[in-house]
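Peer 1: only the shape, not the letters, is given here:
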Ligand SMILES: Cc1cc2nc3c(=O)[nH]c(=O)nc-3n(C[C@H](O)[C@H](O)[C@H](O)COP(=O)(O)OP(=O)(O)OC[C@H]3O[C@@H](n4cnc5c(N)ncnc54)[C@H](O)[C@@H]3O)c2cc1C
């Protein structure tokens, strides 16, 4: 195919970031083209946990998608909380909501990315959105008067601005200084199983911090149809430094760990082990340039402690839609105007990302982690803090106050 298309905004990538942005732009009646190298449905290696932030972002761009998720009990397992299992095997159960009796649906869900990303894509068609799927962006040229994009099917798109939502291995992000650095990047593995025992009745996701694989964690996320998403993630710097073979460690935990292996005695793997990277938001980056924004994994904003990236990707896309709406109205796509995007993203996400970075560092010291887990078991304030992180409560003021940390450590 060889064609030329003129549009306002080009979006590269139709994962959670790209599709959320597309819904946001359609809501603002802004012409755009949504491009993805894949056709949907397609798999994406992930833990598949959709946090309250996913619901939060969808409620701002297209609330009906939340109803579609909540009513689809075949593919989406409601999740009411998270269990942290410390190296000393103490278990800290943190509900996602402080008031379970007064919410109409679960705060989080677990579903395969094949299903979730497909649902997101199915919700993008509108008179303002043109989809180009199954074709890859080969080249993006950013000029003074516009953006020129060449696809590998030979077609060309001219836009006022481009948003890179192409995920972890974005060449454009690398060109603009958003490098994948070993200290801010995590390696992750996933394997689906069926028949794992001892799962929470309320769809709690489990993060196990195990001595042999610190700093990193092993996860068990329950799903519908008796399936489970099992995985292992660890900071790349630690994987290289300690020469860790993550796949071997995953197999070893499942077959030899004194407690965990018992839960897998009747389990059956449904696939081979698969791996992908997680660009962490443990460092601030510049995300806006003339006629260009980065969203989601291309912006490196995954939570460094929990590995949550879908909600952050969608929240960044929501702010991108807001700022682009202003840019379109003022016909100004300069860095000076677009930099408001960085301010919005970091104003809302940095307090949490920073706090998670501190927690991630703590994982290097099992005794400290055990100490905090023991404290957390006794301290309601600590539990409430973690719950409110998941509930999206504005925590900025608390995080800035050093007395808050002192209270956490020394209160009963
Ligand atoms: C092992 C693992 C476990 C994880 N677990 C969780 C979890 O449980 N919960 C959670 O919230 N997050 C999790 N994450 C993080 C989460 O997967 C990402 O943060 C999320 O997918 C980011 O969404 P995105 O839209 O930015 O990018 P992606 O989902 O990667 O989407 C990018 C899209 O861009 C397309 N694309 C790429 N290059 C091009 C190109 N040149 N031209 C056209 N299209 C292109 C791709 O085909 C893809 O569809 C996990 C990640 C890993 C690796």
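Peer 2: Now that the structure is in, tell me what you want to look at. Here the structure is a predicted model, which means the values were calculated and not measured. Numbers count the residues shown, from 1 in each chain.
Peer 1: and the stretch 301-412 of the chain, which residues reach the ligand?
Peer 2: Selection of the stretch 301-412 of the chain residues close to the ligand by CB under 6 Å from any ligand atom yields 302, 307, 308, 309, 310, 311, 313. In short, each C-beta sits where N, CA and C put it, glycine included.
Peer 1: which two of these lie the greatest distance from each other?
Peer 2: 307 and 313 (12.5 Å; CB to CB).
Peer 1: can you name the residue of the stretch 151-300 of the chain nearest the ligand?
Peer 2: Using CB to the nearest ligand atom, the single residue of the stretch 151-300 of the chain nearest to the ligand is residue 296, 2.1 Å away.
Peer 1: looks like that residue contacts residue 312 (just checking).
Peer 2: Yes - with contact defined as CB atoms under 8 Å, residue 296 reaches residue 312; the gap is 7.4 Å.
Peer 1: re the thing from before, ok, residue 307 and residue 313, which is more surrounded?
Peer 2: Per other CB atoms under 10 Å, whichever of residue 307 and residue 313 has more neighbours is residue 313, with 30 against 21.
Peer 1: got the domain ranges for this protein?
Peer 2: The record's domain parsing of the chain by automatic domain parsing lists 4-79+105-180+281-352, 182-279, 366-410.
Peer 1: so who does residue 64 touch?
Peer 2: residue 123 (CB atoms under 8 Å, 6 or more residues apart in numbering).
Peer 1: ok, now how distant is it from the ligand?
Peer 2: Per CB to the nearest ligand atom, to the nearest Å, residue 64 is found 20 Å from the ligand.
Peer 1: list the contacts of stretch 332-349.
Peer 2: 160-161, 281, 284, 286-293, 299, 301, 312, 315-316, 319-320, 322-323, 326-327, 330.
Peer 1: for it, measure first residue to last.
Peer 2: From its first residue to its last, stretch 332-349 covers 26 Å (CA to CA, to the nearest Å).
Peer 1: so how far is residue 374 from the nearest residue to residue 8 once chain neighbours are set aside?
Peer 2: Spatial nearest neighbour of residue 8, excluding adjacent residues (CB to CB, 6 or more residues apart in numbering): residue 31 at 4.6 Å. Applying CB to CB, to the nearest Å, the value for residue 31 to residue 374 is 56 Å.
Peer 1: and what of residue 192?
Peer 2: 34 Å.
Peer 1: which stretches of the stretch 1-150 of the chain form strands?
Peer 2: Using DSSP state E, counting those that start in this stretch, the strands found in the stretch 1-150 of the chain span residues 4-12, 32-36, 49-50, 77-79, 81-85, 91-95, 108-110, 129-133, 137-142, 147-151.
Peer 1: roughly how far does residue 181 sit from residue 279?
Peer 2: From residue 181 over to residue 279 (counting by CB to CB), the distance is 9 Å.
Peer 1: between the two, which has more neighbouring residues?
Peer 2: residue 279 (26 against 14).
Peer 1: relative to residue 203, how far out is residue 373?
Peer 2: Separation of residue 373 from residue 203 (CB to CB): 22 Å.
Peer 1: to clarify, my last question referred to residue 364.
Peer 2: Per CB to CB, residue 364 is found 30 Å from residue 203.
Peer 1: how about residue 154?
Peer 2: Following CB to CB, the distance that separates residue 154 from residue 203 is 46 Å.
Peer 1: more neighbours: those two, which one.
Peer 2: The residue with more neighbours, out of residue 154 and residue 203, is residue 203; 22 against 11, by other CB under 10 Å.
Peer 1: sorry, back to before: now the strands of the stretch 1-150 of the chain as TSV including mean pLDDT?
Peer 2: Formatted as TSV, the strands of the stretch 1-150 of the chain follow (pLDDT from 0 to 100):
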stretch	mean pLDDT
strand 4-12	97
strand 32-36	98
strand 49-50	97
strand 77-79	97
strand 81-85	91
strand 91-95	88
strand 108-110	96
strand 129-133	98
strand 137-142	97
strand 147-151	98
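Peer 1: turn these into CSV, including distance to the ligand.
Peer 2: Below are the strands of the stretch 1-150 of the chain laid out as CSV (distance: least, CB to the nearest ligand atom, whole Å):
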stretch, distance to the ligand
strand 4-12, 5
strand 32-36, 4
strand 49-50, 4
strand 77-79, 10
strand 81-85, 11
strand 91-95, 16
strand 108-110, 8
strand 129-133, 8
strand 137-142, 4
strand 147-151, 8
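Peer 1: could those strands go into JSON lines alongside mean neighbour count?
Peer 2: Formatted as JSON lines, the strands of the stretch 1-150 of the chain follow (neighbours: other CB atoms under 10 Å):
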{"stretch": "strand 4-12", "mean neighbour count": "21"}
{"stretch": "strand 32-36", "mean neighbour count": "26"}
{"stretch": "strand 49-50", "mean neighbour count": "26"}
{"stretch": "strand 77-79", "mean neighbour count": "21"}
{"stretch": "strand 81-85", "mean neighbour count": "21"}
{"stretch": "strand 91-95", "mean neighbour count": "17"}
{"stretch": "strand 108-110", "mean neighbour count": "26"}
{"stretch": "strand 129-133", "mean neighbour count": "18"}
{"stretch": "strand 137-142", "mean neighbour count": "16"}
{"stretch": "strand 147-151", "mean neighbour count": "19"}
